[in-house]
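>>> pasting the structure only:
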């Protein structure tokens with residue numbers, strides 16, 4: 001059945017209301033209102049006027065700690081990081097770094113300073129989840145999709161009040177055969193409810209991508225296999241073939257976006273890579289031929305080790321056995337990918353109101369066999385490049401965002417310290 005026989009309502013009439021509904025569901029409207037009240041009160045105390053159209057950023061000096069630059073591996077003791085209006089103006093040894101007067105100082109003596117971490121696969125449905133992700137170290141993130149565009153609302157929250165949410169690349173809604181209740185959230189999707197077999201035709205796939213892009217999605221999320229986290233589904237069963245995936249990729253590219261693809265089986269991973277996806281998500285049974293193709297194309301691998309390890313702790317025996325079986329296979333795939341030069345990105349796949357620290361994914365990358373610095377890069381420079389923000393996030397250098405984490409202990413000796421940041425700085429504001 002061709003969906004194009006039923007024209008959608010004019011998008012100009014629906015987009016504002018749809019995204020307002022997403023903001024209400026995510027709780028970002030209330031968060032913005034509260035933040036605006038707090039900003040106005042602070043401005044009044046300081047004898048200034050509040051500018052509601054301007055993002056809340058800060059001036060801060062972080063001094064005395066040991067600074068790690070993931071890009072070079074350089075370690076600087078007794079370092080100083082100067083952040084002005086949310087942007088790094090200088091970072092280096094105290095002896096060569098000029099510190100402005102009258103700026104708040106965060107004492108980092110005895111601690112290590114790293115750039116804010118980048119979470120490449122997370123599902124942030126609410127303002128509360130977004131704030132928790134930041135407090136656990138993720139100052140930038142890519143959405144793995146939400147049911148009603150809540151991630152787009154979270155992205156707008158981050159733009160206006162950065163300390164309340166990670167810098168976001170939003171995926172909007174999942175391009176999947178069964179949209180479920182998501183169809184109810186958007187009049188432009190309602191014609192798809194008539195399809196007997198769900199979103200499978202090339203026209204239907206293009207429609208979902210186009211609607212996502214019209215609503216403001218930065219990236220597109222689709223799948224090639226069923227889910228591992230549902231005991232009744234077979235994660236090796238393929239739901240889209242290469243032609244269908246290619247249609248999703250082509251539609252996304254026309255809108256200037258890339259595609260992240262939920263994948264498990266070797267054939268599914270290979271079809272996704274050959275279709276041109278930007279990144280393979282999960283990828284437990286990805287094989288050597290596909291990894292070679294990923295290296296050739298620059299396709300990223302986001303293994304979400306945290307999510308797979310979590311299955312082994314499930315009370316459901318099917319999921320627990322799946323986790324115990326899948327985790328060693330995925331660890332092997334991660335190490336093979338690293339040794340071949342396939343770019344890796346850290347993502348926890350947190351969802352359902354539970355936010356895992358992105359440092360846990362770094363820990364599991366290290367456990368899979370990556371050297372500590374390379375494991376850290378998967379949540380800094382590597383993930384930043386995947387998100388297209390490598391000039392903004394992943395380092396603490398002049399011109400980069402004033403996002404940082406302070407940890408107790410040397411992460412090059414023990415990456416587990418990244419799971420529990422002592423301080424998080426977002427856009428020059430210490431949280």
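Right, received. Where do you want to start? Since the model is a prediction, treat every value here as computed from it, not as a measurement. Numbering: from 1, shown residues only.

>>> which intervals of the protein have sub-threshold pLDDT?
Applying pLDDT under 70 to the chain flags residues 1-14, 36-54.

>>> which helices and strands does the longest helix seen in it pack with?
For the chain, the helix with the greatest residue count under DSSP state H is helix 317-340. With contacts taken as 3 or more CB pairs under 8 Å, 6 or more residues apart in numbering; DSSP states H and E, helix 317-340 sits against helix 288-297, strand 300-302, helix 305-311, helix 358-367. In this view, the C-beta of every residue, glycine as well, is placed from N, C-alpha and C.

>>> In TSV, list the ones you listed along with mean neighbour count and distance to residue 250.
Below are the helices and strands packed on helix 317-340 laid out as TSV (neighbours: other CB atoms under 10 Å; distance: least, CB to CB, whole Å):
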stretch	mean neighbour count	distance to residue 250
helix 288-297	17	16
strand 300-302	27	19
helix 305-311	23	29
helix 358-367	26	31
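
>>> Including distance to residue 254, could these go into JSON lines?
JSON lines is the format used below for the helices and strands packed on helix 317-340 (distance: least, CB to CB, whole Å):
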{"stretch": "helix 288-297", "distance to residue 254": "19"}
{"stretch": "strand 300-302", "distance to residue 254": "21"}
{"stretch": "helix 305-311", "distance to residue 254": "31"}
{"stretch": "helix 358-367", "distance to residue 254": "32"}
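
>>> Out of the ones you listed, the one nearest residue 130 is which?
Each of those was scored for nearness to residue 130 using CB to CB, and the closest is helix 358-367 (13.3 Å).

>>> in a helix, that's where residue 23 is, yeah?
Yes - counting by DSSP: H, G, I helix; E, B strand; the rest coil, residue 23 falls inside a helix.

>>> Leaving out chain neighbours, which residue sits closest to it?
Counting by CB to CB, 6 or more residues apart in numbering, residue 153 is the residue found nearest to residue 23 once chain neighbours are left out, at 4.0 Å.

>>> What strand or helix carries that neighbour?
Assessed by DSSP states H and E, residue 153 sits inside helix 150-160.

>>> now swap in residue 76 and tell me
Using DSSP H and E, residue 76 falls within strand 75-84.

>>> So which other helices or strands are in contact with that strand?
Strand 75-84 packs on strand 60-68, strand 87-93, going by 3+ CB pairs under 8 Å, 6+ apart.

>>> For residue 206, find the nearest of these.
strand 87-93 (39.1 Å).

>>> tell me what the following helix or strand past that closest one is packed against?
Sequence-wise, the next helix or strand downstream of strand 87-93 (DSSP H and E) is strand 105-107. Under the contact criterion of 3+ CB pairs under 8 Å, 6+ apart, strand 105-107 touches strand 60-68.

>>> quick check: angle from the strand it packs on to strand 87-93?
Interaxial angle, strand 60-68 versus strand 87-93 (axes from the mean of the first three to the mean of the last three CA atoms, to 10 degrees): 50 degrees.

>>> Can you give the contact residues for strand 60-68?
With contacts defined as CB atoms under 8 Å, 6 or more residues apart in numbering, strand 60-68 is touched by 74-83, 91-92, 94, 99-100, 103-114, 376, 396, 402, 404, 406, 410-412, 425, 428-430.

>>> filter those residues to the buried ones?
Neighbour counting with 16 or more other CB atoms under 10 Å marks 76, 79-83, 91-92, 106, 108, 111-114, 376, 396, 402, 404, 406, 411-412, 425, 428-430 as buried within the contacts of strand 60-68.

>>> Which parts of the chain are helices?
Ranges of helices in the chain, per DSSP H, are 11-26, 28-45, 127-135, 150-160, 202-214, 242-254, 266-275, 288-297, 305-311, 317-340, 358-367, 372-377, 381-387.

>>> Same list, those helices, but as a markdown table with distance to residue 180 please.
Listed next are the helices of the chain as a markdown table, based on distance: least, CB to CB, whole Å:
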| stretch | distance to residue 180 |
| --- | --- |
| helix 11-26 | 15 |
| helix 28-45 | 23 |
| helix 127-135 | 20 |
| helix 150-160 | 15 |
| helix 202-214 | 13 |
| helix 242-254 | 18 |
| helix 266-275 | 22 |
| helix 288-297 | 30 |
| helix 305-311 | 21 |
| helix 317-340 | 21 |
| helix 358-367 | 28 |
| helix 372-377 | 36 |
| helix 381-387 | 27 |
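
>>> To residue 221, which of the ones you listed lies closest?
helix 202-214 (8.8 Å).

>>> now the closest one, how far from the centre of its chain.
With CA atoms, centre = their mean, to the nearest Å as the basis, helix 202-214 stands 22 Å off its chain's centre.

>>> Report all helices and strands that that helix contacts.
For helix 202-214, the packing partners by 3+ CB pairs under 8 Å, 6+ apart come out as strand 220-223, helix 242-254.

>>> The last one: which residues count as buried?
Applying a neighbour-count criterion of 16+ other CB under 10 Å, one finds 242, 244, 245, 246, 247, 248, 249, 250, 251, 252 buried in helix 242-254.

>>> between it and helix 202-214, how big is the angle?
30 degrees.

>>> Identify all contacting residues around helix 242-254.
175, 200, 202, 205-206, 209-210, 213, 219-220, 222, 224, 240, 258-259, 261, 271-272, 274-277.
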